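1. Any chance you can model this:
(chains A and B)
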There are 2 protein chains.
Amino acid sequence: MPDTIPADSVGLVEPTTVHFDQPLQLSCGQTLNEYDLVIETYGELNTEKNNGVLICHALSGHHHAAGYHSMEDRKPGWWDNFIGPGKPLDTDHFFIVSLNNLGGCHGSTGPTSSNPVTGKLYGSDFPIVTVEDWVDSQVRLADHLGIEQWAAVVGGSLGGMQTLYWSMAYPDRLRHAIVVASASKLSAQNIAFNEVARQAIMSDENFRGGQYLEQGTLPKSGLGLARMVGHITYLSDDAMGQKFGRELKNEEFSFDYGVQFQVESYLRYQAENFSGSFDANTYLLMTRALDYFDPARQFNDDLSQALSPAQARFLLVSFTTDWRFSPERSREITDALLKAGKQVSYMEVDAPQGHDAFLMNIPRYVNAVAGYMKRVADECKEASV
Amino acid sequence: MPDTIPADSVGLVEPTTVHFDQPLQLSCGQTLNEYDLVIETYGELNTEKNNGVLICHALSGHHHAAGYHSMEDRKPGWWDNFIGPGKPLDTDHFFIVSLNNLGGCHGSTGPTSSNPVTGKLYGSDFPIVTVEDWVDSQVRLADHLGIEQWAAVVGGSLGGMQTLYWSMAYPDRLRHAIVVASASKLSAQNIAFNEVARQAIMSDENFRGGQYLEQGTLPKSGLGLARMVGHITYLSDDAMGQKFGRELKNEEFSFDYGVQFQVESYLRYQAENFSGSFDANTYLLMTRALDYFDPARQFNDDLSQALSPAQARFLLVSFTTDWRFSPERSREITDALLKAGKQVSYMEVDAPQGHDAFLMNIPRYVNAVAGYMKRVADECKEASV
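-> Numbers count the residues shown, from 1 in each chain, chains lettered A, B, ... in the order given. Below is the predicted model of the structure:
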């Protein structure tokens, strides 16, 4: 909890729920007749409404990207080091919008919401949504906010996939696309790790076919396992080595299956923590959205062709030790953009933190985003004169 | 099933059970008063008894390394491509001994055996055994076979750890140590993956505190998950990409959590197959043996000092895309051996198959082992003259 709110913080913030009652056609064929999106906004929308920046979240993210909900909060929003006055996503210049995606478990309509048709909680009846569906719903949100064109859409990991799709499906509705530690599609290994996570959740006796909330149970151990696998793969071997090494919790081996090594203790803590605060059906759904995203598929695997409608300028960033969304994946996107004649800046950041690096204060990365967004802010002002 | 036994096969083989009734003191403090080891042997022990080669198995391995148990066998032993007449471990020259380690589930005394004290199955009461314990039991086996000194001890992965320990603890009982795709200790990431496997098994409702056999259940889904994680990490990202890519099982996405991608189908098959034929308590125990092995620990992390008693000559092999037992780990061992003034040859093989490469017919690797063992065979003959 902050004793005082730091000067470069957006301060105390409050989420807003936006209700949509225009039916949304989903990729799976189903239609959501109405739905809510929970959002937070930081900074002010200018008169010209040309300074909007949309933040798209990753697998376990949500709308609370910056600031504090109360003075009792232990931690600020998940990307607080990037969002605030004077920060790379500078709230003195930008109107920043962060949402919880459809299917999420932080207030937007999803598996933990009540199904208006049955009056019961959706649970596993909530349809599988895709990156494309999310972007479609985000377009509605932009309309609702009166934002014809975002100054930038920004996202890391799964958020980067949404940013990419914005650029190809709604080319005239964003001027810049910032895609961090992302990929145009998952590799077989990535899908495999997601499948382990899903199997862990679905084989938990408390999963109850996904209707655990209705039945008053929680598949905590399955969701915890899924999170453990995630955690290991978001960190690099080096990062884990530096953080934990082979350090023991107690001095001697106890020759049992309790916690022996610090890294075991850390994983169990993460699992326990996460499984008490996240929804298992949402986790399943997010991993499927990751698996399915592959915009080049309908273009004979020609990503360049898929990206050809894009009008935005691009900034791509990757991190050397990120092995789930490796630099190679970002280079593929960069190559495809260049081939399609787009403007793209690409930066490969030397960082030991693995995939998690995209959330961190790494000077070269922070400075690049800050510098890029400074230029975007200047453009907004020029256009406003 | 082979229609005819191939000419370079060791042919039909039969396992033998060797009973030991001299108590074995284990690292954990407990004592096994008596135990069985199941072994297979290929080739003939010569009069001088100087041509013995011991094969140490990895996590899910066993004594059946080569040949067929019957004409109905679909597959030969797990290292059949390396063991046989004219093969790198040439049964025309060597007497090859392969065993199932203590704690295993293929006939040697372990969790699925009857505890002579209680008359019940051991289950989770079987003590955690270590690499050191295994080697101690293998020394007894050598004594039983009348082999004073192995021509070579050979092992990949966890088997390589046993080989390393032989060289430091029983330096005068082997002339050569062949250590493939191994490490002198696991990294934090490796321990973390092992912990996920253990948690998957132990949180399965059918695990019953490890007494599932007594209670007539099987923690199949937990063991299956453990195997899935293992499989993903034994393959490289590239290997999975080449093998499965993003290929779909059916043409269209079905928007559910069934099998969509080929890689999911493969993993589920592997999980199902393995969990029906392997013992969960053995799996737990093997992962702990991996975690614990760290011979440099008592020498202030100075591996060179730990290896200083060794008299054997060493061949080390690693594979470029092996990220669980990476070339870096083998180079650490090589460096430590060189620093300690030992004879060591090290080969880093360019191979896309990840950790699994150690089981495969990769020409450079096969030729190196064959060439090395040819010299060892010549030495045996010279000493016999």
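
2. How is residue A:155 assigned, secondary-structure-wise?
-> Using DSSP: H, G, I helix; E, B strand; the rest coil, the secondary structure recorded for residue A:155 is strand.

3. How about the contacts made by it?
-> Applying Cβ atoms under 8 Å, 6 or more residues apart in numbering or on different chains, one finds that residue A:155 lies in contact with A:55-58, A:161-163, A:178-180, A:182. Just so you know, the C-beta spots here come from the backbone N, C-alpha and C atoms, and that holds for glycine as well.

4. In helices, which of these fall?
-> Using DSSP state H, the members of these that fall within helices are A:161-163.

5. who wins for most neighbours among the residues you listed?
-> Neighbour counts for these were taken using other Cβ atoms under 10 Å in any protein chain shown; the highest belongs to residue A:161, which has 31 neighbours.

6. Next, please give the residue ranges for the helices of the stretch 151-300 of chain A.
-> A:158-169, A:188-202, A:220-234, A:237-243, A:262-275, A:280-292 (DSSP state H, counting those that start in this stretch).

7. can you redo the ones in helices among the contacts of residue A:155 as TSV with pLDDT?
-> As requested, the ones in helices among the contacts of residue A:155 are arranged in TSV below (pLDDT from 0 to 100):
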residue	pLDDT
A:161	98
A:162	98
A:163	98
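
8. which one of those residues is nearest residue A:117?
-> residue A:162 (27.5 Å; Cβ to Cβ).

9. just checking, residue A:285 touches residue A:130?
-> No. Taking Cβ atoms under 8 Å as the definition, residue A:285 is not a contact partner of residue A:130, at 9.6 Å.

10. Out of the helices and strands in chain A, which is least certain?
-> The least trusted helix or strand in chain A, going by mean pLDDT, DSSP states H and E, turns out to be helix A:237-243, with a mean of 92.

11. and it, what other elements does it pack with?
-> helix A:262-275, helix B:188-202 (3 or more Cβ pairs under 8 Å, 6 or more residues apart in numbering or on different chains; DSSP states H and E).

12. 7 Å - rerun?
-> With contacts defined as 3 or more Cβ pairs under 7 Å, 6 or more residues apart in numbering or on different chains; DSSP states H and E, helix A:237-243 has these neighbours: helix B:188-202.

13. is chain A contacted by the helix it packs on?
-> Yes. Where contact is defined by Cβ under 7 Å from any Cβ of the partner chain, part of helix B:188-202 touches chain A, namely B:188-189, B:191-193, B:195-196, B:198-200, B:202.

14. Let me have those residues in a markdown table, extended by distance to residue B:230, neighbour count and pLDDT.
-> As requested, the residues of helix B:188-202 next to chain A are exported to a markdown table (distance: Cβ to Cβ, whole Å; neighbours: other Cβ atoms under 10 Å in any protein chain shown; pLDDT from 0 to 100):
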| residue | distance to residue B:230 | neighbour count | pLDDT |
| --- | --- | --- | --- |
| B:188 | 17 | 24 | 96 |
| B:189 | 14 | 23 | 96 |
| B:191 | 14 | 27 | 96 |
| B:192 | 13 | 25 | 97 |
| B:193 | 8 | 23 | 97 |
| B:195 | 13 | 25 | 97 |
| B:196 | 10 | 28 | 97 |
| B:198 | 12 | 21 | 97 |
| B:199 | 14 | 23 | 97 |
| B:200 | 10 | 31 | 97 |
| B:202 | 16 | 18 | 97 |
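
15. of the helices of the stretch 151-300 of chain A, which approaches residue B:10 most closely?
-> Within these, the stretch nearest residue B:10 is helix A:188-202; the backing value is 35.1 Å (Cβ to Cβ).

16. Check whether the closest one comes near chain B.
-> Yes. Counting by Cβ under 7 Å from any Cβ, chain B has neighbours in helix A:188-202: A:188-189, A:191-193, A:195-196, A:198-200, A:202.

17. Provide a list of residue ranges in the stretch 1-150 of chain A with pLDDT below threshold.
-> A:1-2 (pLDDT under 70).

18. repeat that for 90
-> Scanning the stretch 1-150 of chain A for pLDDT under 90 picks out the ranges A:1-5, A:74, A:117.

19. Which single one of the ones in helices among the contacts of residue A:155 is nearest to residue B:13?
-> Distances from residue B:13 to the ones in helices among the contacts of residue A:155, taken by Cβ to Cβ, are shortest for residue A:161, at 53.0 Å.

20. need the contact list for that closest one.
-> Contact criterion Cβ atoms under 7 Å, 6 or more residues apart in numbering or on different chains gives A:131, A:182, A:293 as the residues in contact with residue A:161.

21. out of these, which is most surrounded?
-> Using other Cβ under 10 Å as the neighbour definition, these reach their maximum at residue A:182, which records 28 neighbours.

22. wait, doesn't it sit right on residue A:157?
-> Yes. Taking Cβ atoms under 7 Å as the contact criterion, residue A:182 and residue A:157 are neighbours in contact, 5.8 Å apart.

23. so what sits against both of those two?
-> Listed as contacting both residue A:182 and residue A:157 by Cβ under 7 Å, 6+ apart are residue A:325.

24. ok so, going back, which single one of the contacts of residue A:155 is nearest to chain B?
-> Closest approach to chain B among these (Cβ to the nearest Cβ): residue A:161, at 14.2 Å.

25. got the phi/psi numbers for the residue nearest to residue A:308 when sequence neighbours are not counted?
-> Closest residue to residue A:308 in three dimensions, ignoring its sequence neighbours and counting by Cβ to Cβ, 6 or more residues apart in numbering or on different chains: residue A:340, at 4.7 Å. Dihedral angles of residue A:340 (phi, psi; degrees, to the nearest 10) stand at phi -80, psi 0.

26. what's the burial count for residue A:340?
-> Each residue near residue A:340 was counted by other Cβ under 10 Å, and the total is 18.
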